[in-house]
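**Q** Sharing a model that was predicted from the sequence below.
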Amino acid sequence: MRRVSEAPGVAGTDLARLQRRVASRYPNWLDYAGYGLFHAAALGVFWTDPAAADLGLFAISFAIAMTGATLCFHRYFAHNAFETSRRFQLLLAVWGTLSLEKGPLWWASQHRHHHRYADTPDDIHSPHHQGRLYAYMGWFLDRRIREAELSQCPRLAAYGELIWLTQYNFIPPAIYAAGIWLLFGWDGLIWGFFLSTLAVWHATHMISSLLHGPIGYRNFPTLDNSRNSLPLSLVLFGEGYHNNHHHAPYSARCGLRWWEFDLNWWLIRLFRRCGLIWNVRAVDPADLAATDGRARTLCRRLERWVGQLRPALQAAIAERPAACRLGATARRQVEHAVEARLDLFVQTAQPYLSSSPGEVARLLDRLPAALSAAVPAGIAAGGGAARLAVGEAVQQATARHIADSNLRYVFLPTTARAGIRRDEAVRMPAPMSGDVEVVPGTKTPALR
């Protein structure tokens, strides 16, 4: 039996051809109509006389759909938390569609996009940038993100059955609904399909709207606003430990403390014991020992600072006359390259927040030149002069932002801060050129 990890991904013209295949072939208003129809049909519970069988059917259907969305679509397809055979992968894909949260490639691609831009303006369901109602349900119906972005999951796009299920994701749940109706009648259909599906939808919607916002606690100083919630995790089969998940997205295990019950993790262990999956990737609960109060404080400080720096850099680029000559496409190219380098800085700095915050101060020394070096050398319009002008603007804006915030001073070790006034921190050594990178096995970030 062939392992799915052995299959190569697709790219180029093949990926473009597959992208056209998974394009939606029905108008967006049908999404809204279907969403409203499910809510209207669920109101039928007030005209039913629920028996124990109906309540049991609701619980079973809810469990099937919830594990389909959280274990199958999320932990496997979006994060590749374990490996399996092609046959069991197909079963997981069909299982996931029973949640009626579209197809496996759409779910995986949109969720990977969320992790790439978590709590930034480009995050498709950040409550801080898109609004809490949109983060709750608006994004799910938005016509701008209806399509699966196969470039986010090229390996999965190599499987024709996943392409087909992404195109016709409504077929498995339609068959499931017909079976419930034939066996249990209209009451069973309302309780075991419409109402259970609504419960899954609204439970999973709470992850993006609430667990990146006002409720919950944090185990790890991640550079987004993710939170954990035990009550929600009990309903979501372990997906409510969202801060744990953003700390290690690849992990098949989200509950790390002894009392953080994670039902999906126990199901994954069962599948592994039965030989259905293997190479399960799971974070070590000992990672919790690396967190402390100072690390959380530094994380919040760095989160706010990065959030303020992003628009400052965009404004600095736009103000340069050379940037105006680049054209919209070239300007976006510059902005995306700088954003990518800033993301690299964030990822590099994060491990040092708890173990060695003084290293973050060294990274800040190098950040202005590193962001300047990110300005693409191959800008066609404007040439080298434009590149130098825009790179200089980025470097000056970053250095000014570091100086104005005195952020470097915050990360200096106590011994290094002795005798240095806060207003003198702005006159620390000048940035060094090069890219910021961590070399495995070393403590100090290296320069490339």
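**A** Cool, the structure landed. Keep in mind it's a predicted model, so treat the numbers as computed, not measured.
**Q** contacts, neighbours, all on C-alpha from now
**A** Fine.
**Q** Isn't Phe345 up against Leu367?
**A** Yes - if you go by Cα atoms under 8 Å, Phe345 and Leu367 touch, sitting 7.5 Å apart.
**Q** Name the nearest residue to Glu161, ignoring sequence neighbours.
**A** Leu90 (7.3 Å; Cα to Cα, 6 or more residues apart in numbering).
**Q** Wasn't the one you found part of a helix?
**A** Yes - assignment of Leu90 by DSSP: H, G, I helix; E, B strand; the rest coil places it within a helix.
**Q** In this structure Arg143 contacts Asn28, no?
**A** Yes - with contacts counted by Cα under 8 Å, Arg143 reaches Asn28, the gap being 6.0 Å.
**Q** shaky segments in the stretch 151-300 of the chain?
**A** For the stretch 151-300 of the chain, applying pLDDT under 70 flags the ranges 286-294, 296.
**Q** Strands of that one, residue ranges please.
**A** Assigned by DSSP state E, counting those that start in this stretch, the strands in the stretch 151-300 of the chain fall at 277-278.
**Q** now do the stretch 1-150 of the chain
**A** Using DSSP E, counting those that start in this stretch, strands in the stretch 1-150 of the chain cover 83-84.
**Q** Do a quick rundown of the helices in it.
**A** 12-21, 29-42, 52-67, 86-97, 104-116, 127-130, 132-133, 139-141 (DSSP state H, counting those that start in this stretch).
**Q** same thing with the stretch 251-400 of the chain?
**A** 263-273, 293-319, 321-324, 328-349, 352-355, 358-373, 383-405.
**Q** right, and those helices - which one's nearest Pro127?
**A** helix 293-319 (14.4 Å; Cα to Cα).
**Q** quick check: angle from the closest one to helix 328-349?
**A** 160 degrees (axes from the mean of the first three to the mean of the last three Cα atoms, to 10 degrees).
**Q** lowest-confidence stretch among the helices of the stretch 251-400 of the chain?
**A** The stretch with the lowest mean pLDDT among these is helix 321-324, at a mean of 63.
**Q** Looking at the helices of the stretch 1-150 of the chain, which is nearest to His336?
**A** helix 104-116 (12.5 Å).
**Q** what residues are up against the residue positioned nearest the centre of the chain?
**A** Centroid-nearest residue in the chain, with Cα atoms, centre = their mean: His115, separated by 2.0 Å. Residues counted as contacts of His115 (Cα atoms under 8 Å, 6 or more residues apart in numbering) are His246.
**Q** Now Pro154: phi and psi?
**A** phi -60, psi -30 (degrees, to the nearest 10).
**Q** Which of the helices of the stretch 1-150 of the chain sits closest to Phe261?
**A** helix 52-67 (14.8 Å).
**Q** Return the set of buried residues in the closest one.
**A** Asp54, Leu57, Phe58, Ser61, Phe62, Ala63, Ile64, Ala65, Met66, Thr67 (16 or more other Cα atoms under 10 Å).
**Q** Just send those residues back as TSV, with distance to Arg21 too.
**A** Shown next, in TSV, are the buried residues of helix 52-67 (distance: Cα to Cα, whole Å):
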residue	distance to Arg21
Asp54	39
Leu57	36
Phe58	35
Ser61	31
Phe62	31
Ala63	31
Ile64	28
Ala65	26
Met66	28
Thr67	27
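**Q** Closest to Tyr134 out of the residues you listed?
**A** Looking across those and measuring by Cα to Cα, the closest to Tyr134 is Met66, at 21.5 Å.
**Q** can you pull the contacts of that closest one?
**A** By Cα under 8 Å, 6+ apart, the neighbours of Met66 are Ser99, Val200, Leu236, Phe237.
**Q** who wins for most neighbours among the residues you listed?
**A** The residue in these with the most neighbours, by other Cα atoms under 10 Å, is Ser99 (28 neighbours).
**Q** Poorly predicted segments of the stretch 1-150 of the chain, please.
**A** Residues of the stretch 1-150 of the chain that meet the cut-off, pLDDT under 70, sit at 1-13, 15, 22, 24-27.
**Q** I'd like the helices of the stretch 251-400 of the chain written out as a markdown table, with distance to His247 added.
**A** A markdown table is the format used below for these (distance: least, Cα to Cα, whole Å):
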| stretch | distance to His247 |
| --- | --- |
| helix 263-273 | 16 |
| helix 293-319 | 13 |
| helix 321-324 | 37 |
| helix 328-349 | 11 |
| helix 352-355 | 13 |
| helix 358-373 | 18 |
| helix 383-405 | 26 |
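**Q** which stretch among these comes nearest Gly255?
**A** Once the helices of the stretch 251-400 of the chain are compared by Cα to Cα, helix 263-273 is nearest, at 8.0 Å.
**Q** what angle separates that closest one from helix 52-67?
**A** Using the same axes, to 10 degrees: helix 263-273 against helix 52-67 is 80 degrees.
**Q** Against which helices or strands is helix 263-273 packed?
**A** Contacts defined by 3 or more Cα pairs under 8 Å, 6 or more residues apart in numbering; DSSP states H and E place helix 263-273 against no helix or strand at all.
**Q** which other residues reach that helix?
**A** Under Cα under 8 Å, 6+ apart, the answer for helix 263-273 is Thr67, Thr70, Leu71, Phe237, Gly238, Ala252, Arg253, Cys254, Gly255, Ile277, Trp278, Val280.
**Q** Go ahead and confirm the fourth one touches Ala65.
**A** No - counting by Cα under 8 Å, Phe237 sits too far from Ala65 to count as a contact (11.2 Å).
**Q** Output the helices of the stretch 1-150 of the chain in TSV; the columns should cover distance to His336.
**A** Formatted as TSV, the helices of the stretch 1-150 of the chain follow (distance: least, Cα to Cα, whole Å):
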stretch	distance to His336
helix 12-21	21
helix 29-42	32
helix 52-67	36
helix 86-97	33
helix 104-116	12
helix 127-130	18
helix 132-133	26
helix 139-141	23
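**Q** Nearest to Asp284, out of these?
**A** Comparing the helices of the stretch 1-150 of the chain by Cα to Cα, helix 104-116 comes nearest, at 20.6 Å.
**Q** how about the CA coordinates for that closest one, as PDB?
**A** What follows is helix 104-116, C-alpha atoms only, in PDB (Å, rounded to 0.1, in the frame of the first residue of the first chain):
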ATOM      1  CA  PRO A 104     -10.500  19.100   2.100                       C
ATOM      2  CA  LEU A 105      -8.300  21.200  -0.100                       C
ATOM      3  CA  TRP A 106     -10.400  24.400   0.500                       C
ATOM      4  CA  TRP A 107     -10.200  23.800   4.300                       C
ATOM      5  CA  ALA A 108      -6.500  23.000   4.300                       C
ATOM      6  CA  SER A 109      -5.500  26.000   2.100                       C
ATOM      7  CA  GLN A 110      -7.600  28.600   3.900                       C
ATOM      8  CA  HIS A 111      -6.400  27.400   7.300                       C
ATOM      9  CA  ARG A 112      -2.700  27.400   6.200                       C
ATOM     10  CA  HIS A 113      -3.300  31.000   5.100                       C
ATOM     11  CA  HIS A 114      -4.600  31.800   8.500                       C
ATOM     12  CA  HIS A 115      -1.500  30.500  10.200                       C
ATOM     13  CA  ARG A 116       0.800  32.300   7.800                       C
END
